[in-house]
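In: Quick check, what structure comes out for this input:
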Amino acid sequence: MDSMISLIQAAIVFGTVIMLGATGEIIAEKAGSLNLGVPGIMYLGGIAGLVGVFFYESAAESPSKIVCILIALACSMTAAALGGFIYSLLTITLRANPQVTGLTLTIFGSGVANFFGGSLNKLAGGVGQISVATTSSAFRTMIPGLHDMGVVGQIFFSYGFLAYAAVIIAVLAQLYLSKTRQGLNLRAVGENPGTADATGINVIKYKYLATCIGAAISGLGGLYYVMDYTKGTWANDGTIEGLGWLAVALVIFATWRPKNAIWGSYLFGLLYWAYFYMSGLTRSSQELFKMLPYVVTIAVLIAISLRKKREDQPPAGLAVSYFREER
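Out: Modelled structure (predicted):
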């Protein structure tokens, strides 16, 4: 029973990271921007939040938890949004190849994050010595009284506020895309930018905003991983990149619907950690189990391709460059 609870808790923690990354990418892709730089953006969000609160905690005699949270969120979302802006500038304005730009952004983000992460470790006294304990404890603070409610409390109420905020963000994103005029305009830009432009919708504005806001949300996934899972430390083990690619896969699995990303992310988290709780597996078998989220995504991709239901397909204008003068 304890191992099952631990598996569910790990699935929710890792699922939250994936959910935030996928929700941000869904918003960007709904506007036609195929940003494969999600892993790099999550790196930028994680390291920026860590750097910001590291210097604050180092300078303050008694750091305020509220201020720590605000600094971490502001630095993380700003850095991630800047990554989205760079992608938008290159692909929308300068007409660079979207796929190549996204992959380059992933390499850039991981390189920048690990460079500054290593530098912070040296400032703190050596490899693995950096720790922003006050901020990490603030992010991991559970709802008072609820996490002690036996099995129910351990499963549903043993997480920091970002785990619940991720679900709220996904629900709001779903409502925005399906129920608001601006959301419908954004979807129109992703489906047929030429027609949207002809009806008076500012295509460039929507693409820039969707990509930057989506990147800011994805960056929170990296921040949650750093503050919650690694408890305010920096580890150059490539886990954030792996979770970033799972977030990209989840976009397809969720059929470009944020509401599906909620349960899909927890399923991915469960599949990601299933091998760890199975006894008798060889190292080769463990590696096969790690492939499960990607295998499931491929199966879903085949299924939706065979069904040919338009609502399950990617936006028609996804990764298609639009230039008004060529309309």
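In: Any stretches of the stretch 51-200 of the chain with poor pLDDT?
Out: Counting by pLDDT under 70, the ranges of the stretch 51-200 of the chain that qualify are 123-129, 147.
In: residue ranges of the helices in the stretch 51-200 of the chain, please?
Out: Per DSSP state H, counting those that start in this stretch, the stretch 51-200 of the chain carries helices over the ranges 65-88, 98-123, 133-139, 150-156, 161-179, 181-191, 193-198.
In: which one of those lies closest to Phe268?
Out: Phe268 lies closest to helix 161-179 among the helices of the stretch 51-200 of the chain, at 13.3 Å (CB to CB). Where you see a C-beta, it was placed from the backbone N, CA and C, and this is true even at glycine.
In: what's the closest one in contact with?
Out: 12-13, 16, 19-20, 23, 26-27, 30, 139, 141, 182-184, 186-187, 217, 220, 223-224, 227-228, 257-259, 261-262 (CB atoms under 8 Å, 6 or more residues apart in numbering).
In: what ranges do the helices span in the stretch 201-327 of the chain?
Out: Using DSSP H, counting those that start in this stretch, helices in the stretch 201-327 of the chain cover 203-224, 239-253, 258-273, 283-290, 292-307.
In: and among those, the most buried is which?
Out: helix 203-224 (a mean of 26; mean count of other CB atoms under 10 Å).
In: Run through the neighbouring helices and strands of it.
Out: helix 2-30, helix 38-59, helix 65-88, helix 161-179, helix 181-191, helix 193-198, helix 239-253 (3 or more CB pairs under 8 Å, 6 or more residues apart in numbering; DSSP states H and E).
In: Please look at Ile201 and Ala188 and confirm they touch.
Out: Yes. Under the criterion of CB atoms under 8 Å, Ile201 makes contact with Ala188 at 6.3 Å.
In: how many other residues sit next to the closest residue to Tyr206 other than its chain neighbours?
Out: Distance criterion CB to CB, 6 or more residues apart in numbering; nearest residue to Tyr206, sequence neighbours excluded, is Val189 at 4.6 Å. Counted by other CB atoms under 10 Å, the residues lying close to Val189 total 27.
In: Quick check: the gap between Val189 and Ala261.
Out: 21 Å (CB to CB, to the nearest Å).
In: Lys65 now?
Out: 29 Å.
In: And Asn97, by the same measure?
Out: 27 Å.
In: Equivalent analysis for Pro293, please.
Out: Pro293 is 13 Å from Ala261, where distance means CB to CB.
In: contacting residues for the nearest residue to Asn185 once chain neighbours are set aside?
Out: Distances taken as CB to CB, 6+ apart place Ile201 nearest to Asn185, at 5.1 Å, with adjacent residues excluded. Shown in contact with Ile201 (CB under 8 Å, 6+ apart): 185, 188-189.
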